[in-house]
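Engineer: sequence first, then the predicted structure, then my questions.
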Amino acid sequence: MSTMHDVAQRAGVSLKTVSRVVNGEPNVSEQTRQKVDAAIAELDFRPNSVARNLRTGRIDLVGLALPHLSQPYFSSLAEEIMREAERLGLTVLIELTEGDAEAELALVREHGPHLGGLLMYPVGLSDAQALTVARTVPTVFISERAYDAPVDRVAMANREGVRALVGHMVSLGYTRIAALGADHTGRPERAAAHLRLEGYRDGLRDAGLPYLPDLVLEVGTPHWNRQEGATGMRRLIQAGTPFDAVVAFADALALGALHALQEAGVRVPAEVAVAGFDDTDDARYAHPSLTSIAPGRAQIAREALALLNDRMNGTVERESGRLVVADHQLTVRESTLGGTAAWGGA
């Protein structure tokens, strides 16, 4: 049975574009719509939610609200959710919010009455706003932030994952381990950065290593991209502070760091080891390939849709809140294997 993911690949478009065409939304060019329609016909793709809705009275259209798809983590997560939704017979409508609270709330106001349920990666919502969303439409948040409200949430093992990365570095003999991606603003929407910094501290503490502020590079969560990773790494190199390893809080940051190190003539991993978080496809095919934490995207998709299905079926108490933390896995690759000599800028 063909899936929406298969249609996207055949038509050479994004999952969001296929979602728009299938759901009859505007803002799709006629040429693109024809390509998608042709792929649907070739693959004999048949969304079957309409007939089921008429039979059961349940709306099987699920919204997926993400800040953006430009970061590999979000695009990969969207693919996993689409696959799992297809398996469950659900149709997914993807919407982008740019991490803006008003956009997140506007999405609920506009689409909420037409949705059977909503999966949202919220960035700007307050505790009260999150509760309002959950009371408007059955909702599961995919979020690192803990809300002071009875809402369902699926999260990554942020702290535990980075702790494992530091432990891996220490086991290989690295002792001056930089952290790339920290945030000290205390803003709740940057919970992932705060948790990963705590994991970094935990790993150092486990190994009896000191926390050295000069090795902690601040990057605001919205800017976890390659450019910010490269900029942060150049800053550390120019400071002349000796370091022998880098734990980046996202693969995109790590890939930027790799670029800056290679640009400076620093050999990875012979002089500096590098690791990331997310285990994206880019991590697998980087040169050298990147050690990373796999945050369990497939499990996140399964658990989030299972929780949402309960909400849509009315089998859980309205004012209850549930939390699922996905398993993580350390995937070791070339970027951390092969050298333990500290590099001091010489």
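Structural biologist: The structure has been received and is ready for your questions.
Engineer: what stretches of the stretch 151-300 of the chain score poorly on pLDDT?
Structural biologist: Applying pLDDT under 70 to the stretch 151-300 of the chain flags the ranges 220-222.
Engineer: at 80 what do you get?
Structural biologist: 220-223 (pLDDT under 80).
Engineer: can you map out the strands along it?
Structural biologist: Using DSSP state E, counting those that start in this stretch, the strands found in the stretch 151-300 of the chain span residues 152-155, 177-182, 216-218, 245-248, 273-277, 291-294.
Engineer: among those, which is nearest Leu308?
Structural biologist: strand 152-155 (7.6 Å; C-beta to C-beta). Where C-beta positions appear, they are placed from N, C-alpha and C, glycine not excepted.
Engineer: so can I have CSV of the strands of the stretch 151-300 of the chain showing distance to Ala191 and mean neighbour count?
Structural biologist: CSV is the format used below for the strands of the stretch 151-300 of the chain (distance: least, C-beta to C-beta, whole Å; neighbours: other C-beta atoms under 10 Å):
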stretch, distance to Ala191, mean neighbour count
strand 152-155, 9, 23
strand 177-182, 13, 26
strand 216-218, 16, 19
strand 245-248, 18, 31
strand 273-277, 14, 31
strand 291-294, 17, 26
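Engineer: those strands: which one's closest to Val18?
Structural biologist: Of all these, strand 152-155 comes closest under C-beta to C-beta, at 24.1 Å.
Engineer: what does the closest one rub up against?
Structural biologist: With contacts defined as C-beta atoms under 8 Å, 6 or more residues apart in numbering, strand 152-155 is touched by 134, 139-144, 146-147, 300, 303-304, 307-308, 311, 321-326.
Engineer: need the buried ones from these selected in PyMOL.
Structural biologist: Listed next is the PyMOL selection for buried residues among those, using 16 or more other C-beta atoms under 10 Å:
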select buried, resi 134+139+140+141+142+143+144+147+300+303+304+307+308+311+321+324+325+326
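Engineer: and the contacts of strand 152-155, which of them are in strands?
Structural biologist: The members of those that map onto strands under DSSP state E are Thr139, Val140, Phe141, Ile142, Leu323, Val324, Val325.
Engineer: in TSV: these, plus distance to His223.
Structural biologist: TSV is the format used below for the ones in strands among the contacts of strand 152-155 (distance: C-beta to C-beta, whole Å):
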residue	distance to His223
Thr139	27
Val140	27
Phe141	22
Ile142	20
Leu323	28
Val324	28
Val325	25
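Engineer: tell me who's in contact with the closest residue to Val166 other than its chain neighbours.
Structural biologist: With sequence-adjacent residues excluded and distances taken as C-beta to C-beta, 6 or more residues apart in numbering, Val166 is closest to Gly203, at 2.5 Å. By C-beta under 8 Å, 6+ apart, Gly203 lies in contact with Val162, Arg163, Ala164, Leu165, Val166, Gly167, Met169, Val170, Ile177, Val247.
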